[in-house]
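> quick check, what structure comes out for this input:
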Amino acid sequence: MPELNSPEKEPSRKRQFIREKIAKPPMTRKQAAGRFLAWLFIAVLGGTAAGASYAVVTPLARRYLEPQTTEESIMITIPKDDPGDTQPGNAQTGADSSLEDMTEPDDGEQTETSSGDMPESDEEESSAETETETEPLEEVIQSVLEDYTHSVRDINTLYGTMREVIQEADRGIVEVHSVKREVDWFDNPVETAGLFAGVIIASTGQEFLILTPEGAVEQADSIKVTFADGSEADGIIKQKDTLSGMAIVSVGADQLEEDTVMEITALKLGNSYSMKQGDPVAALGAPAGVVHSIAYGNISYVAKNVQVSDGATRLLYADIKSNAKAGTFLINTSGEVVGWVTGAYDEESASGLTIAMAISDYKAVLEKMSNGQPIPYLGIRGQEVSSAKALEGVPMGIYVTECIPDGPAYDAGIQNGDIIVGVGGQDISTMKDYQNQMEILTSGAVVTVVVQRRGIDEYKELEYEVSVGAR
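Model prediction:
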C-alpha cells in the first residue's frame, strides 16, 4: 500500500507570480509648465473662435430669425382733408369759427343792455360817426391801390420770397436711378439706368419714404437714390399703384451719414381742396426733364368729381412747364405738395396745360403705400345719383357707369347701370360713403356688395360676394 504522505501523492499547489505595476515617472517642472501653456493656448484660441462666430452669426440670426423685433414696423399716418374745407389752415379755421360761435350770444346780450342805457339818438349818432370814419378810409385804400404802379423792385421781392420757398422745398427732392441689367447680342452684360425725380413725403427715423413715378421702379433690378447733398443709398420698393402711376421707395437711414440725415427735409402734403383758379404754384422735381429743375405758373382750372376707378378725384390744370414721365410735383406758396403731374389725360386735353392729380384725394392711398400695404380694388367707375333722379324713383347710391373688364366687381357679376347701395354691411348713398368704405377694405378679403338693378317695372335688390383685388 502506498504511503499517504509520499511526495508523489501530494496535491498540486497554485504557484504565486510577482505582480508588477508600471508607473510613469513624475513630471518635471519644465514639463508641467509646457503642458499648462499648451492648455492655455487652446483655451484662448477656442474663446477667440467662439467670439468671432458669435459676432458673425448674431446679426444674421436677429435679421432672419427675429424680423418682428425690427423697427421697420413703425406705421405712417397721413391726416385726411375734408373736401368741404377749402382753407389752407383747416385746423386754425375750425378754431376761429367755433370761437365766433361762442362769442356771438355775448355780443347780442351786450347790445341789448347798451340799447337800454343809451338813447336811440346816440346810437344813430355813433353809427353815423362810424360810417364817416370807415368810408373815407376804404376809399383812400382803393384809390392808392388803383394808382399804385408796381416796380421791378416789387417783382424782385415777390419772386425772391417764392424762390426762398422753392429752394427750401428742393431739399426734399431726390434723384431716383432705376438700374436694369440686360445682355446684348453677344451675351455681354449691359446696364441701363433711368433717371427720375422723387419727393420725400415722410420719415420714421429709420427710413425715408419717397414718392416717385412708377416707371422708376418698373422692372428695375436695383434702385439708387441720390439726395440733395450728393449722398447715395440703395432704395427698395415699398409699394406701387398702377392706377395713379406712382410708387413709394424706401431708403434706410442707417445707410446715410448723420449729417445727411439731419439735413434731409420731408415735404408736407398740403390741402389741394384749397387750390383755386389763379393761385400761384411752382413745379419741382424734373419739370424740364432734369432733376432739381423748377418752374413757375398758376392754376388755370380745377376739374371736380372726375370719375376714376373706385372713386372720384380733382384735377388741377396749370399753365406751367412739366414732365410727367420724369416726375414733376406742384407745391403751393407755403412749400407744401398739392399734386403730381400725370400724363393719363393728355389725349383728352387739347389745351396744352399741365394736368396734376390733387394730393388730398390720394392721401388714403399714399398712407397704405407708405406702410407697404396693397391698395384695395373693386374696379368700378360711377357717380352719385342726384336728388332729381331720386325724386323720379331711382335709388340713392352710386350709379355704375363702367364696370372695368376683368375687375373683381365685373367677375362677380356686377353690371353697368347697377346702383351700389351697400358695401360690407355699410349703406352707400354718396361717393364719400363709398370711398370711406374702400379705405377700410383689405385686399384678398371677400366683401358683400348690394346693388339695385332695374327690371321691367321696378328695381330689384341683388347681393354679390366680391373678392377684393389689389391695384
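
> quick one: average pLDDT of stretch 341-355?
Averaged across stretch 341-355, pLDDT comes to 83.

> neighbours of the residue nearest to residue 451 when sequence neighbours are not counted, how many?
With CB to CB, 6 or more residues apart in numbering as the criterion, residue 451 has its nearest non-adjacent residue at 4.1 Å, and that residue is residue 418. (Glycine included, C-beta is placed from N, CA and C.) Counted by other CB atoms under 10 Å, the residues lying close to residue 418 total 25.

> the one 5 residues further on now?
Counted with other CB under 10 Å, residues neighbouring residue 423 total 24.

> please name the bridge partners of residue 400.
residue 382 (DSSP bridges).

> surely it is in contact with residue 416?
Yes: under the criterion of CB atoms under 8 Å, residue 400 makes contact with residue 416 at 5.7 Å.

> so the two - more neighbours on which side?
Taking other CB under 10 Å, residue 400 and residue 416 do not tie; residue 400 has more neighbours (20 against 13).

> do you know the pLDDT at that one?
pLDDT at residue 400 comes out at 97.

> now it: how far from residue 408?
13 Å (CB to CB, to the nearest Å).

> A strand includes residue 248, no?
Yes: judged by DSSP: H, G, I helix; E, B strand; the rest coil, residue 248 forms part of a strand.

> that one and residue 238, how far apart?
4 Å.

> then residue 387?
Relative to residue 238, and taking CB to CB, residue 387 is found at 42 Å.

> flag the shaky bits of the stretch 251-400 of the chain, pLDDT-wise.
348-350 (pLDDT under 70).

> any chance you could map the strands in it?
Per DSSP state E, counting those that start in this stretch, the stretch 251-400 of the chain carries strands over the ranges 280-285, 295-308, 311-318, 328-331, 337-341, 354-358, 376-377, 380-384, 398-403.

> so what's residue 283 up against?
294-297, 318, 320-322, 328-331, 341, 354 (CB atoms under 8 Å, 6 or more residues apart in numbering).

> between residue 387 and residue 238, point out the one with more neighbours.
residue 238 (20 against 8).

> what about the more buried one, helix or strand, and which?
Residue 238 is part of strand 232-241 when elements are defined by DSSP states H and E.

> I'd assumed residue 281 was in contact with residue 287.
No: the criterion here is CB under 8 Å, and residue 287 misses it with residue 281 at 11.1 Å.

> all helices of this protein, in order?
29-65, 90-117, 120-147, 152-169, 258-263, 363-370, 387-391, 408-412, 431-440 (DSSP state H).

> the residue nearest to residue 451 and residue 449 touch, don't they?
No: counting by CB under 8 Å, residue 418 stays clear of residue 449, with 9.2 Å between them.

> now list whatever residues contact both of residue 248 and residue 238.
With CB under 8 Å, 6+ apart as the test, residue 248 and residue 238 both reach 209, 369-370.

> break this structure into its domains for me.
Split into domains by automatic domain parsing, the chain comes to 170-373, 376-470.

> looking at those domains, spot the one closest to residue 158.
domain 170-373 (9.3 Å; CB to CB).

> quick one: end-to-end distance for the closest one.
Terminal residues of domain 170-373 are spaced 28 Å apart (CA to CA, to the nearest Å).

> next one: stretch 422-430
11 Å.

> what mean pLDDT does it get?
95.

> what comes up buried for it?
422-424, 428-429 (16 or more other CB atoms under 10 Å).

> from those, which land in strands?
422-423 (DSSP state E).

> identify the farthest-apart pair in the buried residues of stretch 422-430.
Taking CB to CB, no two of the buried residues of stretch 422-430 sit farther apart than 424 and 429, at 14.7 Å.

> residue 236 and residue 248 touch, don't they?
No: at 10.0 Å, residue 236 does not count as touching residue 248 under the criterion of CB under 8 Å.

> what about the two, which has more around it?
residue 248 (26 against 15).

> ok, the more buried one touching residue 235?
No: using CB under 8 Å, residue 248 makes no contact with residue 235, being 10.0 Å away.

> most tightly surrounded among the domains of the chain?
Highest mean neighbour count among the domains of the chain (mean count of other CB atoms under 10 Å): domain 170-373, with a mean of 19.

> in contact with residue 280, which residues?
For residue 280, the contact set (CB under 8 Å, 6+ apart) comprises 162, 296-298, 332-333.

> same check on residue 373?
Contacts of residue 373 by CB under 8 Å, 6+ apart are 239, 443.

> against residue 384, how distant is it?
On the measure of CB to CB, residue 373 and residue 384 end up 27 Å apart.

> distance check, the residue nearest to residue 451 against residue 309.
16 Å.

> check residue 404 too.
On the measure of CB to CB, residue 404 and residue 309 end up 6 Å apart.

> mutual contacts of these two, please.
Contact with both residue 404 and residue 309 is made by residues 379-381, according to CB under 8 Å, 6+ apart.

> same list (those residues) but as a markdown table, adding distance to residue 217.
Shown next, in a markdown table, are the shared contacts of residue 404 and residue 309 (distance: CB to CB, whole Å):
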| residue | distance to residue 217 |
| --- | --- |
| 379 | 23 |
| 380 | 27 |
| 381 | 26 |
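
> ok, so of those residues, who is nearest residue 469?
Using CB to CB, those come closest to residue 469 at residue 379, 6.9 Å.

> isn't that closest one right up against residue 408?
Yes: Residue 379 is within contact range of residue 408, at 5.6 Å (criterion: CB under 8 Å).

> can I assume residue 396 is in contact with residue 433?
No: using CB under 8 Å, residue 396 is not in contact with residue 433, being 10.0 Å away.

> quick check: closest non-adjacent residue to residue 421.
Counting by CB to CB, 6+ apart, the residue nearest residue 421 is residue 397, at 4.1 Å.

> hang on, isn't residue 441 packed against residue 376?
Yes: using CB under 8 Å, residue 441 is in contact with residue 376, at 4.0 Å.

> next, the distance between the ends of stretch 377-387.
Using CA to CA, first and last residues of stretch 377-387 are 28 Å apart.

> I should have written stretch 357-374 there, sorry.
Using CA to CA, first and last residues of stretch 357-374 are 20 Å apart.

> pLDDT on stretch 235-243, on average?
Regarding stretch 235-243, the rounded mean pLDDT is 94.

> CA atoms of that stretch as PDB?
Extracted in PDB, the C-alpha atoms of stretch 235-243 (Å, rounded to 0.1, in the frame of the first residue of the first chain):
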ATOM      1  CA  GLY A 235     -33.600 102.000 -52.300                       C
ATOM      2  CA  ILE A 236     -36.300  99.300 -52.100                       C
ATOM      3  CA  ILE A 237     -39.800  99.300 -53.500                       C
ATOM      4  CA  LYS A 238     -42.300  99.800 -50.600                       C
ATOM      5  CA  GLN A 239     -45.400  99.700 -52.700                       C
ATOM      6  CA  LYS A 240     -46.700 100.900 -56.100                       C
ATOM      7  CA  ASP A 241     -50.100 101.800 -57.500                       C
ATOM      8  CA  THR A 242     -50.700 101.200 -61.200                       C
ATOM      9  CA  LEU A 243     -53.800 103.400 -61.400                       C
END
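
> fine, thanks again, bye for now.
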